[in-house]
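In: Have a look at this prediction, sequence included:
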Amino acid sequence: MFFVYVLQSESDRGLYIGMTGDLRRRLREHQAGESQSTKGRGPWQLIYFEAYLEKQDAAVREVFLKSGGGRKFLDNQLKVHFGRYPRRIAT
């Protein structure tokens, strides 16, 4: 099983979108500062994930979620969450 996931930083409200075969391990790595791309911006909250049987399907979905259309999808999918915890908009 492969997972595409979205984390939100509790410190700067920015998002991180990633893919893994072991979601629990990957979340621990993010929280421990073991990932260069998220180090120093935690703690992190898992706010969304999807599961896939095929790695290639997960990889395609990850690319989509990182695109403008994917961000719009997440904004619509997580309206209540982002209403309570607005995400940082990159400029």
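Out: Sure thing, it's come through.
In: Tell me where the model's unsure across the protein.
Out: Within the chain, the stretches falling below the threshold (pLDDT under 70) are 90-91.
In: Strands of that one, residue ranges please.
Out: 2-9, 15-20, 44-52 (DSSP state E).
In: which helices and strands sit right next to the first one?
Out: Contact partners of strand 2-9 among helices and strands, from 3 or more Cβ pairs under 8 Å, 6 or more residues apart in numbering; DSSP states H and E: strand 15-20, helix 23-31, strand 44-52, helix 55-65. The way it works is simple: take the backbone N, C-alpha and C, and place the C-beta from them, glycine included.
In: returning to what we had before: need the strands of the chain in a markdown table with distance to residue 66 and mean neighbour count, can you?
Out: Output for the strands of the chain, formatted as a markdown table (distance: least, Cβ to Cβ, whole Å; neighbours: other Cβ atoms under 10 Å):
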| stretch | distance to residue 66 | mean neighbour count |
| --- | --- | --- |
| strand 2-9 | 10 | 22 |
| strand 15-20 | 5 | 19 |
| strand 44-52 | 13 | 15 |
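In: Next up, phi/psi of residue 40, please.
Out: Residue 40 has phi and psi values of phi 80, psi 0 when expressed as degrees, to the nearest 10.
In: I'd like to know how far it sits from residue 64.
Out: Going from residue 40 to residue 64 by Cβ to Cβ, to the nearest Å gives 27 Å.
In: Name the residue in the two with the higher neighbour count.
Out: Neighbours were tallied for residue 40 and for residue 64 using other Cβ atoms under 10 Å; the higher tally belongs to residue 64 (14 against 9).
In: Neighbours of the closest residue to that one other than its chain neighbours, how many?
Out: Among residues not flanking residue 64 along the chain, residue 70 sits closest, at 4.6 Å (Cβ to Cβ, 6 or more residues apart in numbering). The local packing of residue 70 (other Cβ under 10 Å) involves 17 other residues.
In: For residue 70, give its distance to residue 60.
Out: 11 Å.
In: do residue 10 as well
Out: According to Cβ to Cβ, residue 10 and residue 60 sit 29 Å apart.
In: before we move on, what about residue 40?
Out: Taken as Cβ to Cβ, the span from residue 40 to residue 60 is 30 Å.
In: wait, residue 47 sits on residue 77?
Out: No. In this structure, residue 47 is not within contact of residue 77 by Cβ atoms under 8 Å, at 9.9 Å.
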